[in-house]
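J.: what's the 3D shape of this:
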Amino acid sequence: MKHLRKKVIAALESMNIQYEIIEHPAVFTIDEIDKLNIDSNNEIVKNLFVRDDKKKRYFLIVLQKNKQVNLKEIRNEINCGRLSFASEEDLNRYLGLSKGSVSPFGILNDIDCRVEVVFDKDILSFERIGVHPNDNTATVWLNPQDLEFMIKAHGNNLIYLNI
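T.: Numbers count the residues shown, from 1 in each chain. Have a look, this model is predicted:
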């Protein structure tokens, strides 16, 4: 896992993106990270890896942690077939990640830029957001516009929605 984090840190530093990193015990859910009390302003985001019914399109949905997702509404917004959660095998194949470590930084492992990133527009108004550095034993805090810049610079498609 630590090699995945090193790749994220190297990318942040090569793009001169300011960040802060906090180490913590491994967490697999939003509830578990909430128990750590590292997020007093609800700035942690949750990340959902989904696919269409034909397994042709894959999406990483990034949204504020307290929001609920209606995949049917998102499907209509992005004009694709029925959405469902992708398998752990697909998560590893496309983002190089395992369950519990889903992060927008996973796009750094998406060589072919197959995964489309869906940003909830509300997170762009945050001063900073917290995401795993492809490793669920730490949280990286950064400006959401910097994350947006990194995703675009990598070449992945970025979609903005009101979720």
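J.: residue contacts, the residue nearest the centre of the chain?
T.: The residue lying closest to the centre of the chain (C-alpha atoms, centre = their mean) is residue 104, at 2.8 Å. Applying C-beta atoms under 8 Å, 6 or more residues apart in numbering to residue 104 gives the contacts 45, 47, 60, 62, 117, 131, 147, 151. All C-beta atoms are positioned from the backbone trio N, CA, C, and that covers glycine.
J.: ChimeraX command to pick out the buried ones of the residues you listed?
T.: Selection of buried members from the contacts of residue 104 for ChimeraX, criterion 16 or more other C-beta atoms under 10 Å:
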select :45,47,60,62,117,131,147,151
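J.: quick one: furthest residue from the center of the chain?
T.: residue 54 (22.4 Å).
J.: any idea how far the closest residue to it other than its chain neighbours is from residue 152?
T.: Of all residues beyond its chain neighbours, the one nearest residue 54 is residue 81 (5.8 Å), with distances taken as C-beta to C-beta, 6 or more residues apart in numbering. Distance, residue 81 to residue 152, using C-beta to C-beta, to the nearest Å: 26 Å.
J.: Then residue 5?
T.: Applying C-beta to C-beta to residue 5 and residue 152 gives a distance of 22 Å.
J.: okay, the two: which has more neighbours?
T.: residue 5 (20 against 12; other C-beta atoms under 10 Å).
J.: What residues sit buried inside the helix or strand hosting the more buried one?
T.: Here residue 5 sits within helix 2-14, counting by DSSP states H and E. Buried residues in helix 2-14, counted by 16+ other C-beta under 10 Å: 4, 5, 7, 8, 9, 11, 12.
J.: okay if I get those as TSV plus pLDDT and distance to residue 97?
T.: Converted to TSV, the buried residues of helix 2-14 look like this (pLDDT from 0 to 100; distance: C-beta to C-beta, whole Å):
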residue	pLDDT	distance to residue 97
4	83	8
5	87	12
7	92	12
8	94	11
9	94	16
11	94	15
12	96	17
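J.: Please identify which two of those are farthest apart in space.
T.: 4 and 12 (13.2 Å; C-beta to C-beta).
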